[in-house]
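Q: Could you look at this predicted model? Sequence included:
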Amino acid sequence: MRYWLFKSEPDVWGWDAQVAKGAAGEEWNGVRNYQARNNMRAMELGDRGFFYHSNQGREIVGIVEVCKLAHPDSTTDDPRWECVDIKAVRPMGRAVTLDEAKADPRLADMVLVNNSRLSVQPVTEDEWRVICELGGVEP
DNA sequence: GCCAACGTTGGC
DNA sequence: GCCAACGTTGGC
(Lines give C-alpha, C1' and ligand atoms only; values in the text may rest on other atoms or scores of the structure.)
Protein backbone atom coordinates (compact mmCIF):
# COMPACT_ATOMS: atom_id res chain seq x y z
CA MET A 1 0.00 0.00 0.00
CA ARG A 2 1.29 3.37 -0.96
CA TYR A 3 0.37 6.88 0.00
CA TRP A 4 -0.50 9.92 -2.11
CA LEU A 5 -1.75 13.46 -1.96
CA PHE A 6 -4.53 14.95 -4.11
CA LYS A 7 -4.83 18.69 -4.55
CA SER A 8 -7.95 20.55 -5.43
CA GLU A 9 -9.24 24.06 -5.19
CA PRO A 10 -12.12 23.85 -2.72
CA ASP A 11 -14.21 26.15 -4.94
CA VAL A 12 -14.01 23.65 -7.77
CA TRP A 13 -14.02 20.33 -5.94
CA GLY A 14 -13.69 20.38 -2.17
CA TRP A 15 -13.73 17.87 0.64
CA ASP A 16 -17.45 18.36 1.23
CA ALA A 17 -18.17 17.48 -2.40
CA GLN A 18 -15.99 14.38 -2.08
CA VAL A 19 -17.76 13.29 1.11
CA ALA A 20 -21.13 13.78 -0.60
CA LYS A 21 -20.16 11.12 -3.15
CA GLY A 22 -19.92 8.61 -0.34
CA ALA A 23 -18.59 5.08 -0.78
CA ALA A 24 -19.11 5.18 -4.55
CA GLY A 25 -16.40 7.80 -4.82
CA GLU A 26 -15.74 9.99 -7.82
CA GLU A 27 -13.33 10.35 -10.72
CA TRP A 28 -10.31 12.48 -9.98
CA ASN A 29 -10.60 13.94 -13.46
CA GLY A 30 -9.22 17.01 -15.14
CA VAL A 31 -5.56 16.21 -14.60
CA ARG A 32 -3.56 17.29 -17.66
CA ASN A 33 -0.07 16.75 -16.39
CA TYR A 34 2.00 13.68 -17.23
CA GLN A 35 3.68 13.35 -13.87
CA ALA A 36 0.37 13.52 -12.04
CA ARG A 37 -1.15 11.04 -14.48
CA ASN A 38 1.74 8.65 -14.06
CA ASN A 39 1.25 8.78 -10.31
CA MET A 40 -2.39 7.81 -10.79
CA ARG A 41 -1.41 4.94 -13.09
CA ALA A 42 0.85 3.63 -10.33
CA MET A 43 -1.96 3.57 -7.78
CA GLU A 44 -3.50 0.36 -6.52
CA LEU A 45 -6.89 -0.32 -5.02
CA GLY A 46 -6.87 0.53 -1.34
CA ASP A 47 -4.00 3.02 -1.55
CA ARG A 48 -4.60 5.95 0.75
CA GLY A 49 -4.23 9.64 0.02
CA PHE A 50 -4.51 13.02 1.66
CA PHE A 51 -7.06 15.49 0.32
CA TYR A 52 -5.52 18.96 0.13
CA HIS A 53 -7.24 22.28 -0.43
CA SER A 54 -5.07 24.52 -2.60
CA ASN A 55 -5.34 28.30 -2.88
CA GLN A 56 -8.06 28.70 -0.30
CA GLY A 57 -7.26 26.95 2.94
CA ARG A 58 -3.91 25.52 1.88
CA GLU A 59 -4.41 22.61 4.23
CA ILE A 60 -4.84 18.87 4.34
CA VAL A 61 -8.44 18.24 5.32
CA GLY A 62 -9.09 14.53 4.94
CA ILE A 63 -8.09 11.03 3.96
CA VAL A 64 -9.27 9.27 0.81
CA GLU A 65 -8.90 5.80 -0.67
CA VAL A 66 -8.36 4.70 -4.26
CA CYS A 67 -11.50 2.75 -5.21
CA LYS A 68 -11.02 2.38 -8.99
CA LEU A 69 -7.82 1.92 -10.95
CA ALA A 70 -6.69 4.36 -13.64
CA HIS A 71 -9.09 4.55 -16.58
CA PRO A 72 -9.77 7.09 -19.36
CA ASP A 73 -10.73 10.54 -18.07
CA SER A 74 -14.38 11.05 -18.98
CA THR A 75 -13.91 14.80 -19.35
CA THR A 76 -11.78 14.50 -22.47
CA ASP A 77 -11.52 12.44 -25.66
CA ASP A 78 -7.75 12.68 -25.53
CA PRO A 79 -6.60 9.12 -24.77
CA ARG A 80 -3.48 10.38 -23.00
CA TRP A 81 -5.39 11.41 -19.91
CA GLU A 82 -6.45 8.88 -17.33
CA CYS A 83 -7.59 9.10 -13.77
CA VAL A 84 -8.51 6.96 -10.77
CA ASP A 85 -11.62 7.16 -8.61
CA ILE A 86 -11.29 8.03 -4.95
CA LYS A 87 -13.66 7.98 -2.02
CA ALA A 88 -13.59 9.88 1.25
CA VAL A 89 -12.50 7.80 4.25
CA ARG A 90 -12.43 10.25 7.12
CA PRO A 91 -11.74 13.90 7.84
CA MET A 92 -8.60 14.95 9.67
CA GLY A 93 -9.18 15.50 13.36
CA ARG A 94 -7.64 18.88 12.72
CA ALA A 95 -6.62 20.28 9.33
CA VAL A 96 -2.86 20.37 8.76
CA THR A 97 -1.81 23.58 7.05
CA LEU A 98 0.93 24.05 4.49
CA ASP A 99 2.67 26.37 6.96
CA GLU A 100 2.77 23.60 9.55
CA ALA A 101 4.15 21.15 7.01
CA LYS A 102 6.83 23.64 6.04
CA ALA A 103 7.71 24.26 9.67
CA ASP A 104 8.19 20.58 10.54
CA PRO A 105 11.74 19.43 9.77
CA ARG A 106 10.47 15.86 9.33
CA LEU A 107 8.57 17.05 6.26
CA ALA A 108 11.41 19.02 4.68
CA ASP A 109 11.57 16.67 1.69
CA MET A 110 7.84 16.40 1.14
CA VAL A 111 6.74 17.11 -2.44
CA LEU A 112 3.98 19.38 -1.15
CA VAL A 113 6.61 21.60 0.45
CA ASN A 114 9.03 21.57 -2.48
CA ASN A 115 6.93 21.41 -5.64
CA SER A 116 3.80 23.44 -5.37
CA ARG A 117 2.80 22.69 -8.94
CA LEU A 118 2.26 18.94 -8.85
CA SER A 119 -1.41 18.16 -8.23
CA VAL A 120 -1.16 14.41 -7.61
CA GLN A 121 1.93 13.45 -5.69
CA PRO A 122 3.47 10.59 -3.73
CA VAL A 123 3.77 10.70 0.07
CA THR A 124 6.25 8.52 1.93
CA GLU A 125 5.14 6.31 4.80
CA ASP A 126 7.10 8.46 7.24
CA GLU A 127 5.49 11.63 5.94
CA TRP A 128 2.09 9.95 6.16
CA ARG A 129 2.66 9.16 9.84
CA VAL A 130 3.82 12.68 10.65
CA ILE A 131 0.83 14.32 8.97
CA CYS A 132 -1.55 11.91 10.69
CA GLU A 133 0.06 12.73 14.01
CA LEU A 134 -0.28 16.48 13.38
CA GLY A 135 -3.84 15.99 12.18
CA GLY A 136 -4.89 13.81 15.09
CA VAL A 137 -5.93 10.71 13.14
CA GLU A 138 -4.76 7.11 13.11
CA PRO A 139 -2.30 6.46 10.26
C1' DG B 1 -4.36 40.18 -8.13
C1' DC B 2 0.45 39.46 -8.87
C1' DC B 3 4.01 36.77 -10.36
C1' DA B 4 7.46 32.88 -10.02
C1' DA B 5 7.89 28.33 -11.27
C1' DC B 6 6.91 25.04 -14.23
C1' DG B 7 4.98 22.46 -18.20
C1' DT B 8 3.53 22.35 -22.95
C1' DT B 9 3.38 23.76 -27.70
C1' DG B 10 5.03 24.64 -32.07
C1' DG B 11 8.19 27.02 -35.39
C1' DC B 12 12.49 26.42 -37.16
C1' DG C 1 15.80 18.51 -31.06
C1' DC C 2 16.19 23.24 -29.46
C1' DC C 3 14.10 26.97 -27.44
C1' DA C 4 10.96 31.00 -27.38
C1' DA C 5 6.36 31.87 -26.48
C1' DC C 6 2.61 30.90 -24.09
C1' DG C 7 -0.60 28.99 -20.56
C1' DT C 8 -1.47 27.32 -15.93
C1' DT C 9 -0.88 26.54 -11.12
C1' DG C 10 -0.83 28.01 -6.69
C1' DG C 11 1.63 30.57 -2.94
C1' DC C 12 1.80 35.00 -1.33
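A: All right, it came through fine. Numbering: from 1, shown residues only, chains lettered A, B, ... in the order given.

Q: Only C-alpha atoms from now on, for both contacts and neighbour counts.
A: Noted.

Q: Counting by contacts, list what the longest helix along chain A packs against.
A: In chain A, with assignment by DSSP state H, the single longest helix is helix A:125-135. Identification of packing neighbours for helix A:125-135 by 3 or more C-alpha pairs under 8 Å, 6 or more residues apart in numbering; DSSP states H and E yields strand A:82-97.

Q: now the strand it packs on against helix A:125-135, angle please.
A: 50 degrees (axes from the mean of the first three to the mean of the last three C-alpha atoms, to 10 degrees).

Q: Can you give me every residue that contacts the closest residue to residue A:136 other than its chain neighbours?
A: Excluding the flanking residues, the one nearest residue A:136 by C-alpha to C-alpha, 6 or more residues apart in numbering is residue A:93, at 4.9 Å. Neighbour list for residue A:93: A:135-137 [criterion: C-alpha atoms under 8 Å, 6 or more residues apart in numbering].

Q: In a helix, residue A:35, correct?
A: Yes. Counting by DSSP: H, G, I helix; E, B strand; the rest coil, residue A:35 is located in a helix.

Q: any idea which of the contacts of residue A:93 is closest to DNA strand B?
A: residue A:135 (25.7 Å; C-alpha to the nearest atom of the strand).

Q: what's around the closest residue to the closest one other than its chain neighbours, how many residues?
A: Leaving aside its chain neighbours, residue A:135 sits nearest to residue A:94 (4.8 Å; criterion: C-alpha to C-alpha, 6+ apart). By other C-alpha atoms under 10 Å, 16 other residues sit near residue A:94.
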